[in-house]
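Participant: Provided below are the primary sequence and the corresponding predicted coordinates.
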Amino acid sequence: MAPIQNLLLFLTLFSMMIVPITPQPCTSYTFPNQATFATCKDLPVLESSLHWNYHPSSGTVDVAFKKANAKDSSWIAWAINPTSKGMVGSQALVAFRKSDGSFKAYTSPITSYATLLQEGNLSFPVHSVSATYTNGHMIIFARLQLPANTTLVNHLWQEGLVSDDGTLKPHSMSRSNLQSYGTLDFESGKVLETGGKRNSRTTSRYVHGILNTISWGILMPIGVIFAHLKAFNGLGTSWFHLHRACQSLAFLIGIAGFGTGLYMGNHHNGVHHAPHRCIGITLMCLASAQVCVAIFLRPKKDHKYRRFWNIFHYLVGYTTIVLAIFNVCNGFDILDAHKIWKKIYIGIIIFLVVVASVMNVIAFIFIRKKRTRNSQERVHISPHDQLP
């Protein structure tokens, strides 16, 4: 058992080393002033999120724009552009920390790319503009009066540094800073990413979801069902070949899905979903351990350690299946996909559970009849029927 323990210890330490420290999702954040918001969205870049309460009767919206891991000498801004999807024409909320430690929050209409974010009135009413800085989180609060019958808006967000004399420096021209804009609907809560990043990031997310749903979420449970065919003696070793082929295919596709997850974590700046990522890494470690133990450490059937190997194989296998199903369902929520896809997946899992249950019942009846028939045959053999 020592090799197995060493392998598990190594995989555990490896997973601890590669799990990044990432901003928490917007739904789990507690504001220092105890403010609450009905809707929030993690924005795709610049480690930012937007929280809001929409009041349809008055056409107003209370917003809180939050930037995680903000530097002390930095400014942040969130804006609505009523006329286009670009920077020019944006009506911005700006906040920065002064040299004396206090915060200044104000409004700034952006009329050119050479703007210095000067203070000024916006094209729509804005009330109660304020800002806070707590534990690396810089937050702007405000109440906006939306134009009549308007809930769908173009928005953008930005960050930059503050010079020693208190002037705001232009923001960086990095990829993330150039792609921090999109469209949101205050009423439905839908956020649409736009710009050059939309295609690559959205495609990566869907490829990641499809690969992992097929591998971890569907093929691996089917592979477990194939293992239940062992009870039917007439199939010989066919069950084993089906089980091994299905699990091998699931593992290979799972590696590709895991790779897309690592790619997104390294190339798409923004809020990462740490619990989903940690479970994914755990699944990869468990599956790798299962494969290594099955190929290199499987004892013969009559070996005294085979019993312990079986316990390990079943325990790791079923733990992987349960975690995989949970993480796939969590992935549908993260993707913010149509609920029908999650319902279809849950329906597939229910169908597989029913199939496995029926197979177990049939196998139980089959084995019981076989044992009864064998016991009756032994009873019917009389002493004079036996060979001398």
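Facilitator: Perfect, thanks for sending it.

Participant: and N266, how many neighbours?
Facilitator: Neighbours of N266 under the rule other Cβ atoms under 10 Å: 9. Bear in mind the C-beta positions are built from the backbone N, C-alpha and C, glycine included.

Participant: G254 too?
Facilitator: For G254, the neighbour count with other Cβ under 10 Å is 26.

Participant: measure it to Q247 for me?
Facilitator: Distance, G254 to Q247, by Cβ to Cβ, to the nearest Å: 10 Å.

Participant: ok, A256 - contacts?
Facilitator: A256 makes contact with 211, 215, according to Cβ atoms under 8 Å, 6 or more residues apart in numbering.

Participant: my bad, W157
Facilitator: 43, 46, 48, 50, 65, 67, 76-79, 180-181.

Participant: if we can go back for a sec, any common contacting residues for G254 and Q247?
Facilitator: Residues touching both G254 and Q247 (Cβ under 8 Å, 6+ apart): M220.

Participant: quick one: A245 is in a helix?
Facilitator: Yes: judged by DSSP: H, G, I helix; E, B strand; the rest coil, A245 forms part of a helix.

Participant: State the distance from it to F251.
Facilitator: 11 Å.

Participant: and if you look at I348?
Facilitator: 19 Å.

Participant: And R143, by the same measure?
Facilitator: For R143, the distance to F251 - Cβ to Cβ - is 52 Å.

Participant: quick one, which of the two is more surrounded?
Facilitator: Using other Cβ under 10 Å as the criterion, R143 and F251 rank with F251 on top: 19 against 16.

Participant: is it fair to say that one lies in a helix?
Facilitator: Yes: counting by three-state DSSP, F251 falls inside a helix.

Participant: wait, doesn't it sit right on W216?
Facilitator: No: the pair F251 / W216 is not scored as a contact, 9.3 Å apart, by Cβ atoms under 8 Å.

Participant: Mind jotting down where the strands sit in the stretch 51-200 of the chain?
Facilitator: For the stretch 51-200 of the chain, strands defined by DSSP state E, counting those that start in this stretch occupy the ranges 60-67, 74-81, 91-97, 103-109, 126-134, 137-145, 152-161, 181-185, 191-193.

Participant: Reformat the ones you listed as JSON lines; add distance to M284 and mean pLDDT.
Facilitator: Shown next, in JSON lines, are the strands of the stretch 51-200 of the chain (distance: least, Cβ to Cβ, whole Å; pLDDT from 0 to 100):
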{"stretch": "strand 60-67", "distance to M284": "31", "mean pLDDT": "91"}
{"stretch": "strand 74-81", "distance to M284": "36", "mean pLDDT": "90"}
{"stretch": "strand 91-97", "distance to M284": "41", "mean pLDDT": "89"}
{"stretch": "strand 103-109", "distance to M284": "43", "mean pLDDT": "89"}
{"stretch": "strand 126-134", "distance to M284": "35", "mean pLDDT": "88"}
{"stretch": "strand 137-145", "distance to M284": "31", "mean pLDDT": "90"}
{"stretch": "strand 152-161", "distance to M284": "33", "mean pLDDT": "88"}
{"stretch": "strand 181-185", "distance to M284": "32", "mean pLDDT": "86"}
{"stretch": "strand 191-193", "distance to M284": "28", "mean pLDDT": "66"}
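
Participant: got JSON lines for those strands, with distance to I222 too?
Facilitator: Shown next, in JSON lines, are the strands of the stretch 51-200 of the chain (distance: least, Cβ to Cβ, whole Å):
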{"stretch": "strand 60-67", "distance to I222": "43"}
{"stretch": "strand 74-81", "distance to I222": "47"}
{"stretch": "strand 91-97", "distance to I222": "52"}
{"stretch": "strand 103-109", "distance to I222": "55"}
{"stretch": "strand 126-134", "distance to I222": "49"}
{"stretch": "strand 137-145", "distance to I222": "44"}
{"stretch": "strand 152-161", "distance to I222": "43"}
{"stretch": "strand 181-185", "distance to I222": "39"}
{"stretch": "strand 191-193", "distance to I222": "34"}
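
Participant: closest to V358 out of these?
Facilitator: strand 191-193 (43.6 Å; Cβ to Cβ).

Participant: show me the biggest helix of this structure in terms of residues.
Facilitator: Using DSSP state H to define each element, the chain has its longest helix at helix 339-380.

Participant: now L161, nearest residue through space, not along the chain?
Facilitator: Excluding the flanking residues, the one nearest L161 by Cβ to Cβ, 6 or more residues apart in numbering is K169, at 4.7 Å.

Participant: Now do the closest residue to F37 other than its chain neighbours against Y206, distance only.
Facilitator: The shortest distance from F37 to any residue other than its chain neighbours is 3.8 Å, reached at H51 (Cβ to Cβ, 6+ apart). Separation of H51 from Y206 (Cβ to Cβ): 26 Å.

Participant: of the two, who's got more company?
Facilitator: Set H51 next to Y206 and count neighbours by other Cβ under 10 Å: H51 wins out with 22 against 13.

Participant: got the contact list for that one?
Facilitator: Contact analysis of H51 by Cβ under 8 Å, 6+ apart lists 26, 29, 37, 39-40, 63-66.

Participant: Look up phi and psi at L117.
Facilitator: L117 adopts backbone torsions of phi 60, psi 50, taken as degrees, to the nearest 10.

Participant: okay, it: pLDDT?
Facilitator: Note for L117: predicted pLDDT of 87.

Participant: Quick check: K41 is in a strand.
Facilitator: Yes: assessed by three-state DSSP, K41 belongs to a strand.

Participant: hang on, it packs against C26?
Facilitator: Yes: counting by Cβ under 8 Å, K41 touches C26, with 6.6 Å between them.

Participant: so what's in contact with the two at the same time?
Facilitator: Taking Cβ under 8 Å, 6+ apart as the contact rule, K41 and C26 both touch 49-50.

Participant: Output the below-cut-off pLDDT ranges for the stretch 201-350 of the chain.
Facilitator: 201-202, 233-234, 267-272, 336-338 (pLDDT under 70).

Participant: Helices of that one, start to end?
Facilitator: Remark: helices assigned in the stretch 201-350 of the chain by DSSP state H, counting those that start in this stretch are 220-227, 238-267, 274-296, 306-335, 339-380.
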